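Visitor: structure for the following, please:
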Amino acid sequence: MDWRTKSWIEEDVEFVPKRNVNNKGSRYFRHITGFLISQKMNRKKVGYESLWGECLFYYILEMDPLIVRYYEQPVEVPIRELNDACDLSEWMHVPDVLAFRHGYKPFLFQIKGGNQSEQKDYSYINSFCHEYAKSRGWNYSMAFPKTLEEAIQFNIRLLKKYDNLRFGSDRWIPEIRNKMKYIHETSILELARGFSAQADFRSILPCIYHLIFKGELQTNVRSRITEKSIIRAGSCSEQFLDLFHIEGDAYDITNASTR
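Guide: Numbers count the residues shown, from 1 in each chain. The predicted structure follows:
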């Protein structure tokens, strides 16, 4: 499926959040819940219940140029179990996010905290989520953003600051793109200093970070990004995707030419 050609009218209706952001526990932990502005979804409120869990994961989705669309709290999955009276009961579980990545099957994710033992605690619910995702031609996986290396988390937070540029500062973007056509690799600082005859190199740095965020330049995300970091043309998206265990046959082989 070429997700980039869809209108998303039906999906925007079907996958509206099935529950509101739950701010329970915020009296004890500051800044747990909130909303972020999503350029992918073209709206100001994408709710999250964990600042460095769901929110961090959404930052990665925003950075991945192949992610076309994603929906938080998108579906209800029926969970059936025996209650204390040994009667069969049913309740609805809401996974965290459904992501559409160009050339791939849709991903349904459950985002959990820093303790991967939660995967065992979630095994019963996961079995129903797996079956639900399979019935819709999706893949289901658990993601643990809080377990990412500190350098990776630092880089995600750093780059997210440059998702938008100040008015007028984007004038350097076309020239940076043009320079990188002829440079195999260079450091962020060297590239910025290449504009010294035209502007203060410090005014170029935000543009370079912006292009990394947008998936036009890549660097090693496992090392802290500094002005000495080496960059080249391309996207960091595959590096970020490799950080999570994507279960099943995630790649849509019917669209191999679109990858």
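Visitor: show me what contacts residue 48?
Guide: 21, 33-36, 54-55, 58, 72 (C-beta atoms under 8 Å, 6 or more residues apart in numbering). For glycine as for every other residue, the C-beta is placed from the backbone atoms N, C-alpha and C.
Visitor: same question for residue 36.
Guide: Here residue 36 is in contact with 46, 48, 55, 58-59 (criterion: C-beta under 8 Å, 6+ apart).
Visitor: could you dump those residues to a markdown table with pLDDT and secondary structure?
Guide: Formatted as a markdown table, the contacts of residue 36 follow (pLDDT from 0 to 100; DSSP: H, G, I helix; E, B strand; the rest coil):
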| residue | pLDDT | secondary structure |
| --- | --- | --- |
| 46 | 86 | strand |
| 48 | 79 | strand |
| 55 | 87 | helix |
| 58 | 90 | helix |
| 59 | 91 | helix |
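Visitor: redo those residues as a markdown table? Include distance to residue 177.
Guide: Compiled in a markdown table, the contacts of residue 36 are given as follows (distance: C-beta to C-beta, whole Å):
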| residue | distance to residue 177 |
| --- | --- |
| 46 | 29 |
| 48 | 32 |
| 55 | 30 |
| 58 | 27 |
| 59 | 23 |
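Visitor: list just the nearest of these to residue 139.
Guide: Nearest to residue 139 among these: residue 58, at 18.3 Å, using C-beta to C-beta.
Visitor: distance of that closest one relative to residue 64?
Guide: To residue 64, residue 58 is 11 Å away according to C-beta to C-beta, to the nearest Å.
Visitor: so between these two, which is more surrounded?
Guide: Neighbours were counted for residue 58 and for residue 64 using other C-beta atoms under 10 Å; residue 58 has more, 25 against 21.
Visitor: what's the average pLDDT for the helix or strand containing residue 130?
Guide: Element membership for residue 130 (DSSP states H and E) is helix 123-135. Taken as a whole, helix 123-135 has an average pLDDT of 92.
Visitor: packing partners of the helix or strand just after it?
Guide: Heading C-terminal from helix 123-135, the first helix or strand you meet, by DSSP H and E, is strand 139-143. With contacts taken as 3 or more C-beta pairs under 8 Å, 6 or more residues apart in numbering; DSSP states H and E, strand 139-143 sits against strand 107-111, helix 123-135.
Visitor: what residue of the protein is the furthest out?
Guide: residue 85 (42.1 Å; C-alpha atoms, centre = their mean).
Visitor: check which helix or strand that residue maps to.
Guide: Residue 85 belongs to no helix or strand, assigned by DSSP H and E.
Visitor: please renumber the chain so that the first residue is 409 from this point on.
Guide: Shifting the count to begin at 409 puts that one at residue 493.
Visitor: in terms of pLDDT, where does it sit?
Guide: 72.
Visitor: from residue 486, how far off is it?
Guide: Distance of residue 493 to residue 486, given as C-beta to C-beta: 19 Å.
Visitor: just residue 555 next, same as before
Guide: Taking C-beta to C-beta, one finds residue 555 at 29 Å from residue 486.
Visitor: ok, those two, which is more surrounded?
Guide: residue 555 (14 against 11).
Visitor: tell me the helices in this structure, going along the chain?
Guide: 417-422, 462-471, 526-529, 531-543, 558-568, 581-588, 596-601, 613-621, 645-649 (DSSP state H).
Visitor: where among the ones you listed is average confidence lowest?
Guide: Confidence, taken as mean pLDDT, is least for helix 526-529 of the helices of the chain (a mean of 57).
Visitor: flag the shaky bits of the stretch 409-558 of the chain, pLDDT-wise.
Guide: 409, 429-439, 521-529 (pLDDT under 70).
Visitor: for residue 536, which residues are in contact?
Guide: Applying C-beta under 8 Å, 6+ apart, the residues contacting residue 536 are 485-488, 501.
Visitor: now with 7 Å?
Guide: 485-487 (C-beta atoms under 7 Å, 6 or more residues apart in numbering).
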